[in-house]
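> the following comprises the amino acid sequence and a computationally predicted model.
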Amino acid sequence: MESVLILGTGRLAFHLGHALYRSGVVLAGVAGRDLARTRELAREWDCTGFPLNGPLPEAGLRVLAVSDDAIVHLAALLQADGTPVVHLSGTNPMDLLRPHVHRGVLWPVQSFSPGVPMDFTEVPLVVDATDEPTLQLLGGIAGRLSRTVVRLPFEQRQQLHVSAVVASNFPVFLLREAERLLVKHGIDPQLVLPLWKASTHKAMDGADRSVTGPARRGDRGTVERHLQLLADEPELRRAYAALSDLILHTYHPPAP
């Protein structure tokens, strides 16, 4: 198994580095701008920390665990010596890693929070590469981390990324808005959490069968009353109207 050099010390680097370390992958080191944080991670992973703008160790794979905006700049800093280089972005092409010849993507389809390292075994990993040896290398490493490893080309990764935002980011923000609305009216926001948990659990067995509510039933009267209640929340009202219209058109399409 080739050794891995992690470039970056942020949230994704933290979780991926811990997953690699726990799976037995040899870490050639970790490099970052924040030297104190770099040394801290190096101690946790039993490897060496390096400044990002200094000499870096040899490794079988270089992983750019940085924000999307930093990928191009960091790739340009690395010597193009034939070492495979990968980024972790689901929405960017491998071409951002030019001039490196052996390029790839290792994208964890998950959102990451600070704190306790995440168990990667349940995190789907999407891989792709410019060449078969790099793909084999990525597949071998990904297979040690996760039970689900899938190769997707850039076009399909983009579609998966859009779908992930719809499935994850939007519902969480809408829950945040529901909690804000309840607090505004003096109601305990904890009252909606059992409903949220039950809906999420049922959706795992088939989202289409789990859609409920007034728009799903075609109850336009209740939808209209809700919109009136949101008269002083114009942005949330527009979101409610748009989502209700989408549900109505999906399950109660107009007659041809």
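In hand now; what should we look at?
> where does the residue nearest to Ala215 when sequence neighbours are not counted sit, in terms of helix or strand?
Of all residues not flanking Ala215 in the chain, Ile247 sits nearest, at 3.8 Å (CB to CB, 6 or more residues apart in numbering). To be clear about C-beta, it is placed using only N, CA and C from the backbone, and glycine gets the same treatment. Using DSSP states H and E, Ile247 sits in helix 234-251.
> just list what that helix packs against, helices and strands only.
Contact analysis of helix 234-251 by 3 or more CB pairs under 8 Å, 6 or more residues apart in numbering; DSSP states H and E lists helix 170-184, helix 214-217, helix 220-229 as its packing neighbours.
> got the CA coordinates for the first one in PDB?
What it means is helix 170-184. In PDB, the C-alpha atoms belonging to helix 170-184 read as follows (Å, rounded to 0.1, in the frame of the first residue of the first chain):
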ATOM      1  CA  PHE A 170     -31.900  22.200   2.100                       C
ATOM      2  CA  PRO A 171     -33.800  20.000   4.700                       C
ATOM      3  CA  VAL A 172     -31.500  21.000   7.500                       C
ATOM      4  CA  PHE A 173     -31.900  24.700   6.600                       C
ATOM      5  CA  LEU A 174     -35.700  24.300   6.500                       C
ATOM      6  CA  LEU A 175     -35.500  22.700  10.000                       C
ATOM      7  CA  ARG A 176     -33.600  25.700  11.100                       C
ATOM      8  CA  GLU A 177     -36.200  28.000   9.700                       C
ATOM      9  CA  ALA A 178     -39.000  26.000  11.400                       C
ATOM     10  CA  GLU A 179     -37.200  26.300  14.800                       C
ATOM     11  CA  ARG A 180     -36.800  30.000  14.300                       C
ATOM     12  CA  LEU A 181     -40.400  30.400  13.500                       C
ATOM     13  CA  LEU A 182     -41.500  28.500  16.600                       C
ATOM     14  CA  VAL A 183     -39.200  30.500  18.800                       C
ATOM     15  CA  LYS A 184     -40.600  33.700  17.300                       C
END
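> what about it, average pLDDT?
Mean per-residue pLDDT for helix 170-184: 97.
> please apply the same query to stretch 135-155.
According to the model, stretch 135-155 has a mean pLDDT of 97.
> what's near enough to touch Val85?
With contact taken as CB atoms under 8 Å, 6 or more residues apart in numbering, Val85 is in contact with 61-62, 64, 75, 78, 97, 100, 102-104.
> repeat for Val150
Val150 neighbours (CB under 8 Å, 6+ apart): 124-127.
> quick check: domain ranges of the chain?
As given by automatic domain parsing, the domain ranges for the chain are 4-152, 157-251.
> poorly predicted segments of the stretch 1-150 of the chain, please.
The model of the stretch 1-150 of the chain has pLDDT under 70 over residues 1.
> please redo it, this time with the cut-off set to 80
The stretch 1-150 of the chain contains residues with pLDDT under 80 at 1, 115-116.
> where exactly do the strands run in it?
4-7, 27-32, 49-51, 61-64, 85-87, 103-108, 125-129, 149-151 (DSSP state E, counting those that start in this stretch).
> give me the contacts around the first one.
To tie it back to what came earlier, the one meant is strand 4-7. 13, 16-17, 20, 25-32, 52, 56-57, 59-66, 74, 78, 141.
> show the buried residues in the residues you listed.
13, 16-17, 20, 25, 27-32, 52, 56, 59-66, 74, 78, 141 (16 or more other CB atoms under 10 Å).
> so Asp205, which state does it fall into?
When classified by DSSP: H, G, I helix; E, B strand; the rest coil, Asp205 comes out as coil.
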